[in-house]
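Enquirer: Quick one, fold the following:
(chains A and B)
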Amino acid sequence: MVTRQSQLFIPTLRADPADAEAVSHKLLVRGGYIRQVSAGVWTFLPLGWRVHQKVVQIIREEMNAIGGQEMLMPVLTPFELWQQSGRDYIAEIFRLQDRNGREYVLPMTHEETVTFHAKEIASYRQLPQILYHFSIKERDEPRSRGGLLRLREFIMKDAYSFDRDEAGLDESFRKNERAYHNMLERLEIEFHYVDAESGMMGGKESKDFLAPAASGENTLVTCEQCDYAADLEIATGIPRSPDFPASLDRPEDVETPGVTTIEALADFLRVDAAATSKAMPVVKPDGTLVLGLVRGDDRLEEAKMATALGSDFRPATDDEIREAFGADGGSLGPVGFSGEIVADETLHDGQFVAGANRTGWHLKGVQAGRDFEPRFADLRQPREGDRCPRCGGALHFQTAIEIGHIFKFGARYSEPFGATFLDEDGKEKPLVGGSYGIGPARVMAAVVEQHHDERGIVWPSSIAPYEIHVLALHGGSEEVLAIAEAVADDFSGTGRDVLLDDRDERPGEKFADADLIGAPLRVTVGRKSLEDDSVDLRTRAAAEDDRVGVRDVPKWVSER
RNA sequence: CGGGGCGUAGCUCAGCCUGGUAGAGCGCCCGCUUUGGGAGCGGGAGGUCGUGGGUUCAGAUCCCGCCGCCCCGACCA
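Expert: Down below sits the predicted model:
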């Protein structure tokens, strides 16, 4: 069936929408793929939904190929399930009540629900299992953004594996890992498979699939020499060594009036900023104040700090700082502080300048282990100029979109839910699980970010809404239109998705819309070439016409 | 939640500072001409100026509240 553009709802826009920033946001809106309903809430128009469905189908095929079983779990979920898992505190979950006051959540993930069902697995003979579904997720995002990049409502494929032990989980994990690699290759996404934070999901092995893109929200760290790759939040880098001044036998006071920043301090004392330390007082949820210490030229990575503390934290307020240190922020240091101190590894050796806990004063020659006793942890955020922790090569930083996340959650959910099975040895054991998510909408955004030019989208044929776009430049000629229809029919007879632009519009407009919509192949049927019994063919990527005899069109197309 | 910006026709915007009967371009409808990179001419439709209140003879314009959207930060599979 040839689809006639004259009858479709494809509202293309000549100008960029005023509120768009990201390329994928602009092009998907301009191309008539998506429209916004409210912040982070979008409609997929017919064209957008076709792409979404194609992405879904590829994901589905790869999940089925590893033995995944598709099902569908509800969006509306009793709040008790989330209380049972202990995730009821999460601020991002939407909550609501029915008319009788019964409480529900609109969840952003389905570990609770799937584990509720997994309670029916009674024997090791029924394991392993891989269950998945595509369903609508809701997240009360404090801040959605960028078209499809960060949504409050979206469809996600989430899969869950259940195994009898860690070894089994590992095998299931590898299967899903492989499925993800296969699907992303078919989607023609450039991606990196990296170590990641498991975040609020709670898990052990945690991996991200990051697609480099200008408007990504994650930062991907890669090595220019070896295959080291990690999300910035957990990446490690080796910084340059500081240029230390002469060592001192004991810390020495130095007056630093009005000096509150590291740059000013380094400048004032004429020392390398890397030979100073920076104090970050934070407060844990239980109210304990902990001092984080990093090198003066480094930034504290908050995800790492949270890992080191084993809990959330917030920056201490000015009042808390004054009470605990007797000094203002800007003059804080570890010497004399009685609470817990967590110091970055870079402070292990050498003597650093530190705040003196006396406003307007610093200490020179402060040495860990001699002048204060910290716990060491990796706290610093890597940055440009660092070397690779594996091979010493240069590290490269780029923004990226997190399109998939897979992680092991072990017995995190099966224990509170009592989802146990009887093992071969006659013992009752909790199911060992893993979770595997990917968002088709983010995939679409990532593909557009990676495949576009100044005129529009350049879809890979695997997910293009239509593979072939036939433009009829009939200009009132029934004859030209008839030939265009015949050409379109031929393609569609070979099982291709064909869009025929039979609209009564001028050529320029058809070309512009075709470029914007981005079908991989374009056939232009017009008087000009028909004089030689030919049509003009081009790939969207190359954007240059080949004049081909009407009879040779199928051959030309099959060669692309 | 903190900071910044914006809200006027379907879209992109001007008008607001300095109050006086709401505009442009594109799009849309009709007619004629035109037809290989967003055409030309003629005619036409379309707006509670986000919303509520206040000041004023008079408010898109000034003042106050609220709502919505975007960006940065916080936060975040």
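Enquirer: Could you check how far A:Met1 is from RNA strand B?
Expert: A:Met1 is 25 Å from RNA strand B, where distance means CB to the nearest atom of the strand, to the nearest Å. Glycine gets a C-beta too; all of them are placed from N, C-alpha and C.
Enquirer: What ranges does the stretch 251-400 of chain A have for its strands?
Expert: A:252-255, A:277-283, A:289-295, A:299-300, A:314-315, A:340-344, A:351-355, A:361-367, A:375-377, A:380-381, A:395-410 (DSSP state E, counting those that start in this stretch).
Enquirer: In terms of secondary structure, what does the second one contact?
Expert: The reference is to strand A:277-283. With contacts taken as 3 or more CB pairs under 8 Å, 6 or more residues apart in numbering; DSSP states H and E, strand A:277-283 sits against strand A:289-295, helix A:302-309, strand A:314-315, helix A:318-325, strand A:351-355.
Enquirer: One more: the longest one?
Expert: With contacts taken as 3+ CB pairs under 8 Å, 6+ apart, strand A:395-410 sits against helix A:166-186, strand A:206-212, strand A:218-223, strand A:432-438, helix A:440-450.
Enquirer: Counting neighbours, what do you get for A:Ala266?
Expert: By the criterion of other CB atoms under 10 Å, A:Ala266 has 19 neighbours.
Enquirer: Assess the claim that A:Val294 and A:Pro382 are in contact.
Expert: No: using CB atoms under 8 Å as the test, A:Val294 is too far from A:Pro382 to be in contact (11.9 Å).
Enquirer: Tabulate the strands of the stretch 251-400 of chain A (CSV), appending mean pLDDT and distance to A:Leu473.
Expert: Below are the strands of the stretch 251-400 of chain A laid out as CSV (pLDDT from 0 to 100; distance: least, CB to CB, whole Å):
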stretch, mean pLDDT, distance to A:Leu473
strand A:252-255, 92, 79
strand A:277-283, 89, 65
strand A:289-295, 91, 64
strand A:299-300, 89, 57
strand A:314-315, 82, 63
strand A:340-344, 93, 65
strand A:351-355, 93, 72
strand A:361-367, 93, 75
strand A:375-377, 93, 67
strand A:380-381, 92, 56
strand A:395-410, 94, 38
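Enquirer: Close to RNA strand B: what parts of the stretch 251-400 of chain A are there?
Expert: When proximity is defined as CB under 7 Å from any atom of the strand, the stretch 251-400 of chain A approaches RNA strand B at A:302, A:312.
Enquirer: Which of the helices and strands packed on strand A:395-410 sits closest to A:Ala22?
Expert: Closest approach to A:Ala22 among these is made by helix A:440-450 (7.3 Å; CB to CB).
Enquirer: Show me what that closest one is packed against.
Expert: helix A:23-30, helix A:46-65, strand A:153-163, strand A:206-212, strand A:395-410.
Enquirer: centroid residue for chain A?
Expert: Central residue of chain A (CA atoms, centre = their mean): A:Glu402, 1.3 Å from the mean position.
Enquirer: so that one bridges to which residues?
Expert: A:Leu210 (DSSP bridges).
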